[in-house]
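**Student:** 3D model of this:
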Amino acid sequence: MKLQTTPIRSLLLACSVLVFAQGAFAQKGKKTNEKEIINITFEGASEDLTELNGIDAAGKGIESPTEIKADLFSKSASGDIGVPANIYGSEEPSTENGGKVYAGIVAFKPGKMAGERSYITIQLMQGKEPVTLKKGLTYCVEYSLSLAESSKFACNNMGVYFSKDKPGNGEAGAIYMSGDHVMKSTVNKVYNGFFNWEKVCNVYTAKGDEKYITIGNFDLNDKTTNQSVKKPKDAEADPLTHAYYYIDNIIVRLVDNTAECACYNAKPPKIEDSFSDLVFEKTPEINEKMTLDKKIAAQTIYFRQGKSSLTENARENLDFIVAQMNANPSLVIEITGHNDPLEIKAGVENEAYLDMDRKRVAAGVKYLTNNGIAEERIVKAYKADTMPSTEIEEDDEADVKDAKNRRIEFRVKL
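**Tutor:** Numbers count the residues shown, from 1 in each chain. Next comes the predicted model:
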């Protein structure tokens, strides 16, 4: 009887393809599937880590592309590079995939230090062979990050850059890239959470030339939203002028449709979750030589983000205005309200943050009328975010500028 050999050869070929696919650069001991391109938790790192800038110990195909190297932290190490405690803070490895090792990068520094960033570059490989993403196919891309307590800043624009060639080549300076080879999270938020892991996640449609991915911030400082943060009271790390993020769980996986990318389909965080607690305060500088209108104009009141409630300083300023209006019965004042751009964005999602300029003016008017000032002596004006504060200085950080813009101003009507 003639043997039917074709099905057997097909079966053997299918088995060999499956074995090849399951070598998709997943690290030893980790579960894999044929759609995974990479699944990195840095567990392949050498156990003899002794100092910072140790990303080269992460294993073949993982490195830093610029002069400033990424760091590795491990439970088998101690001191500066220990886990959970290290020079930049304290963080347990993500519980998602377990493990004992994670990486760390600088994503933001202000001013003249802007170019002092670090990145993680990973070559896309299956088994020992380099891989190029297939044009037109969709990939679910994600990684976990956590802000280190040494950070004086947090920032947005955390992303993944897909490239044909290895970027950077070891030179100094940041990598600035834009366009459809850079993937950011579905909600490009400021990641300001200490002691927790958050996902940067989105779907990416391959152009057909991608052989490397690089993780970090690829935007100029003036296009990066930064936020000043204060380290937790019990944190032992020294505060440093940077936004430093621990990085873990880097996954690139082929999907047939976006619904298969669970983190992409997760409900995005609310804009108000990133609101700052900062309230700018300035004691009015007045003297007897000043005219009444200048004394009134010096009483500007500032607000917390998303709030129209009056601070104690605000009440003192309004008490001064009440006294002047009582002493000058014909005096009429104009109150002008302002808000910041983030509040306007939040108002699109949540009506509680609509028209914060109007709500702040209303708070000032209510205080004055409750203290005996007739409402017809008050003129109201609203400017939203169209008139930046004259208190803003060139080197102010973004959250300070916003805090100075959240205000009501007073002017004597002539």
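**Student:** Quick one: the strands in the stretch 201-350 of the chain, in order.
**Tutor:** 212-217, 226-228, 243-255, 301-302, 333-337 (DSSP state E, counting those that start in this stretch).
**Student:** These: which one's closest to Y102?
**Tutor:** strand 243-255 (4.1 Å; CB to CB). Heads up, the C-betas are built off the backbone N, CA and C, glycines and all.
**Student:** any idea of the angle that closest one forms with strand 212-217?
**Tutor:** Interaxial angle, strand 243-255 versus strand 212-217 (axes from the mean of the first three to the mean of the last three CA atoms, to 10 degrees): 140 degrees.
**Student:** ok, I122 to T300 distance?
**Tutor:** Remark: distance between I122 and T300 (CB to CB, to the nearest Å) = 51 Å.
**Student:** list the contacts for S228?
**Tutor:** S228 makes contacts with K152, F153, S276, L278, E397, D399, V400, as judged by CB atoms under 8 Å, 6 or more residues apart in numbering.
**Student:** quick one, what contacts the fourth one?
**Tutor:** Taking CB under 8 Å, 6+ apart as the contact definition, L278 lies against S228, R304, Q305, D399, V400, D402, A403.
**Student:** hang on, the earlier thing: arrange the strands of the stretch 201-350 of the chain in CSV, one row each, with distance to C261 and mean pLDDT as further columns.
**Tutor:** Shown next, in CSV, are those (distance: least, CB to CB, whole Å; pLDDT from 0 to 100):
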stretch, distance to C261, mean pLDDT
strand 212-217, 16, 97
strand 226-228, 28, 91
strand 243-255, 6, 95
strand 301-302, 42, 97
strand 333-337, 42, 98
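**Student:** what's the closest of these to A58?
**Tutor:** Short answer: strand 243-255, nearest of these by CB to CB, at 10.7 Å.
**Student:** picking that back up, in helices, which of the contacts of L278 appear?
**Tutor:** Per DSSP state H, helices hold the following members of these: D399, V400, D402, A403.
**Student:** Could you list the low-pLDDT ranges of the chain?
**Tutor:** For the chain, the stretches with pLDDT under 70 are 1-34, 96-98.
**Student:** Could you rerun that using 80?
**Tutor:** 1-34, 44-50, 59-60, 95-98, 126-128, 169-170, 266-269, 273, 414 (pLDDT under 80).
**Student:** any idea how far the residue lying closest to A85 once chain neighbours are set aside lies from E316?
**Tutor:** Computed as CB to CB, 6 or more residues apart in numbering, the closest residue to A85 that is not its neighbour in sequence is E236, at 7.4 Å. As judged by CB to CB, E236 and E316 stand 38 Å apart.
**Student:** same deal with E349?
**Tutor:** 34 Å.
**Student:** next one: K233
**Tutor:** 29 Å.
**Student:** and K270, how many neighbours?
**Tutor:** 13 (other CB atoms under 10 Å).
**Student:** That one reaches A352, doesn't it?
**Tutor:** No. Under the criterion of CB atoms under 8 Å, K270 is not in contact with A352, lying 10.7 Å apart.
**Student:** rewinding a little: K233 and E316: which is more packed in?
**Tutor:** In this view K233 and E316 are compared by other CB under 10 Å, and E316 has more residues nearby, 14 against 5.
**Student:** shouldn't G59 be in contact with A45?
**Tutor:** Yes. G59 sits in contact with A45 when judged by CB under 8 Å, with a separation of 6.4 Å.
**Student:** higher neighbour count, these two?
**Tutor:** Between G59 and A45, counted using other CB under 10 Å, A45 has the larger neighbour count: 26 against 18.
**Student:** Where does M183 sit, in terms of helix or strand?
**Tutor:** With secondary structure defined by DSSP states H and E, M183 is part of strand 182-184.
**Student:** Sheet partners, orientation included, of that strand?
**Tutor:** Paired neighbours of strand 182-184 in the sheet (DSSP bridges): strand 158-163 (antiparallel).
**Student:** Dump the ones in helices among the contacts of L278 into TSV; add distance to Y176 and neighbour count as well.
**Tutor:** Shown next, in TSV, are these (distance: CB to CB, whole Å; neighbours: other CB atoms under 10 Å):
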residue	distance to Y176	neighbour count
D399	23	24
V400	25	17
D402	24	25
A403	28	26
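**Student:** quick check, nearest of the residues you listed to P284?
**Tutor:** Nearest member of these to P284, counting by CB to CB, is A403, at 17.2 Å.
**Student:** Domain-wise, how is this structure divided?
**Tutor:** For the chain, automatic domain parsing gives the domain ranges 13-267, 292-412.
**Student:** So which of these is nearest P284?
**Tutor:** Of those, nearest to P284 by CB to CB is domain 292-412, at 4.0 Å.
**Student:** Quote the end-to-end distance of that closest one.
**Tutor:** With CA to CA, to the nearest Å as the measure, domain 292-412 spans 8 Å from end to end.
**Student:** Repeat that for stretch 394-408.
**Tutor:** Stretch 394-408 stretches 22 Å from its first residue to its last (CA to CA).
**Student:** returning to that earlier point: closest to K294 out of the contacts of L278?
**Tutor:** K294 lies nearest to A403 out of those, by CB to CB, at 23.5 Å.
**Student:** helix or strand for L49, which one?
**Tutor:** L49 belongs to no helix or strand, assigned by DSSP H and E.
**Student:** Cheers, nothing more for now.
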